[in-house]
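J.: Generate coordinates for the sequence data below:
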Amino acid sequence: MIKYLFLTFLSSTYFFSTAQVQQTKTLHQLLQVAETNYPLLKSKKFSVDAAQKAVEVSKNTIIPSLDAAYQMNYATYNNITGMAYPQYLIPISGPPSSTNNFSGIFGSAASLLLNWQPITFGQREAQIAYSQTGVKYATADLANEILQHKVKVANAYLDALTFAELAKLYQQNISRTETNLSTVKTLVANGIKAGVDSALFSAEVSKAKIDRLNIQKNKEQAIIALTQLLATEENISIADTSFFSKLPTSIIANDTSTNPLLSLYNASIELAKAKRQSIAKTTAPTLGVWGTTYARGSGVSNNGDVKTFDGLSLQRVNYGVGVQLSVPLLQSLKIKPQLQQQAFQIKADQEKLNDIILQLKKQLETANTTMDYALKTVKEMPVLVQSSTFAYVTMVSRYNAGLANYADVVQAQYNLLKAETDYKTAYMAAWKTLLYQAAIKGDINLFLNQVN
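T.: Numbers count the residues shown, from 1 in each chain. As a prediction, this is how the structure comes out:
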């Protein structure tokens, strides 16, 4: 009983495992998986989130800073009046000492300091605008990357389908070759054909099997490339023969304005302009408001007596408020090269955009021409396949009747296989051209809408 249950469990496990391996997914499903899983697309989506947070960061500069502090120190009582550049000195306080006194005393201080810049004369607004333009750029970059990746997935899918379909043809070719070998063996046994023909056809069977293995290898490699684009370890099974039974409809309109690559370059130009405006606004003054309340304690009394430990308590409390207007007088000279740099960058980005527009226009014209000839080619292929089939059947009959030699049969068989493979690849060439057109126009749905 236990053995029976164990075997039943193994059978069930094998069944479900096999069902999972053989699970077939449509192209639409695979594209959804790719958009969800692929790390680069995830990265681009996080970049959009980061850009949106950058807008909040820019807006939050209007929030004042409020700092609370407390300090206690032990230092010598030696003061001197006058000015000192504070960068490398810790400041001292109080009147100058009468003598050089190395005795240490305690001191303490506590403060609450408010700094606020409510008015920046356009600096804050320029930075916010720059951050908002960054969101547009990140969003356009994401849209372009999604389109490009979906096109890659669809192209890999079509490659895998093509090799799967060709594998069927090469299997048929093996069957034809094995049939010829069986016939030849009979003819050789009856003394009608030379024994060498049997060896030659045996070699052809091996060659046909090797060709089939190479096609199968190409199919497996195409599926591996597809799973890489899907960012999945799942075993993908594809089986869609509709691409080899119907032809797509051509796209004629020469309009590439919807391509997200153009939006990306336009956003790049806007970003450069916003950065230039932000740099220019650094010449504007800033108005700061500050307020403070603080208390001090010292181990030195007002008459100069040293009471070291009295400095641990806070003895005097003060407050203060103020307004400060800061004008960077020489900032315009400092940023002049930066503004010129940004101006050149804007012109460079504009010319890049012009180049992309030109490329997309010519690429679409080429794709439309390619589609026209691809459709015409497919319509001619049935005649070629039919003629090659008739020629092969006829040549086999002539060979069996002793009117043709081995080379004639092999050549006719090769021509038939080539005609069959060309017929399948001609169909796929039309679909790949449609995918190419959709990629150039920037809308993969123009391709997907024609897919079952």
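
J.: got the phi/psi numbers for residue 248?
T.: In terms of degrees, to the nearest 10, the main-chain angles of residue 248 are phi -80, psi 160.

J.: That one and residue 434, how far apart?
T.: 4 Å (C-beta to C-beta, to the nearest Å). For every residue, glycine as well, the C-beta is placed using N, CA and C.

J.: any common contacting residues for these two?
T.: 371, 447, 450 (C-beta atoms under 8 Å, 6 or more residues apart in numbering).

J.: any idea whether the last one is helix, strand or coil?
T.: Each residue gets one of three states, and residue 450 gets coil by DSSP: H, G, I helix; E, B strand; the rest coil.

J.: What residues sit buried inside stretch 55-73?
T.: Residues 55, 58 are the ones in stretch 55-73 that count as buried (16 or more other C-beta atoms under 10 Å).

J.: ugh, wrong one, I meant stretch 113-122
T.: Neighbour counts using 16+ other C-beta under 10 Å place 117, 119, 120 of stretch 113-122 among the buried residues.

J.: Okay, helices next: where are they in the stretch 351-452 of the chain?
T.: 406-441, 445-448 (DSSP state H, counting those that start in this stretch).

J.: so which of those helices comes closest to residue 35?
T.: Nearest to residue 35, of all the helices of the stretch 351-452 of the chain, is helix 445-448, at 12.8 Å by C-beta to C-beta.

J.: Which other helices and strands does that closest one contact?
T.: Contact here means 3 or more C-beta pairs under 8 Å, 6 or more residues apart in numbering; DSSP states H and E; on that basis helix 445-448 packs against helix 27-37, helix 406-441.

J.: Tell me where the chain has helices.
T.: In the chain, the helices defined using DSSP state H lie at 2-21, 27-37, 39-59, 123-189, 195-230, 260-280, 331-400, 406-441, 445-448.

J.: Serialize these to JSON lines and add fields for distance to residue 89 and mean pLDDT.
T.: JSON lines is the format used below for these (distance: least, C-beta to C-beta, whole Å; pLDDT from 0 to 100):
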{"stretch": "helix 2-21", "distance to residue 89": "73", "mean pLDDT": "38"}
{"stretch": "helix 27-37", "distance to residue 89": "58", "mean pLDDT": "93"}
{"stretch": "helix 39-59", "distance to residue 89": "34", "mean pLDDT": "96"}
{"stretch": "helix 123-189", "distance to residue 89": "31", "mean pLDDT": "94"}
{"stretch": "helix 195-230", "distance to residue 89": "61", "mean pLDDT": "94"}
{"stretch": "helix 260-280", "distance to residue 89": "34", "mean pLDDT": "95"}
{"stretch": "helix 331-400", "distance to residue 89": "27", "mean pLDDT": "94"}
{"stretch": "helix 406-441", "distance to residue 89": "65", "mean pLDDT": "95"}
{"stretch": "helix 445-448", "distance to residue 89": "69", "mean pLDDT": "93"}
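
J.: rewinding a little: looking at the helices of the stretch 351-452 of the chain, which is buried most?
T.: Compared across the helices of the stretch 351-452 of the chain, helix 406-441 shows the largest average neighbour count, a mean of 20 (mean count of other C-beta atoms under 10 Å).

J.: Can you name every helix or strand that it contacts?
T.: Using 3+ C-beta pairs under 8 Å, 6+ apart, helix 406-441 is in contact with helix 123-189, helix 195-230, helix 331-400, helix 445-448.

J.: Run the chain-centre distance for the third one.
T.: Mean C-alpha position of helix 331-400 versus that of the full chain (C-alpha atoms, centre = their mean, to the nearest Å) differs by 21 Å.

J.: residue contacts, residue 318?
T.: By C-beta under 8 Å, 6+ apart, the contact set of residue 318 is 293, 294, 295, 296.

J.: Recalculate using a threshold of 10 Å.
T.: By C-beta atoms under 10 Å, 6 or more residues apart in numbering, residue 318 lies in contact with 111, 292, 293, 294, 295, 296.

J.: This completes my enquiry, with thanks.
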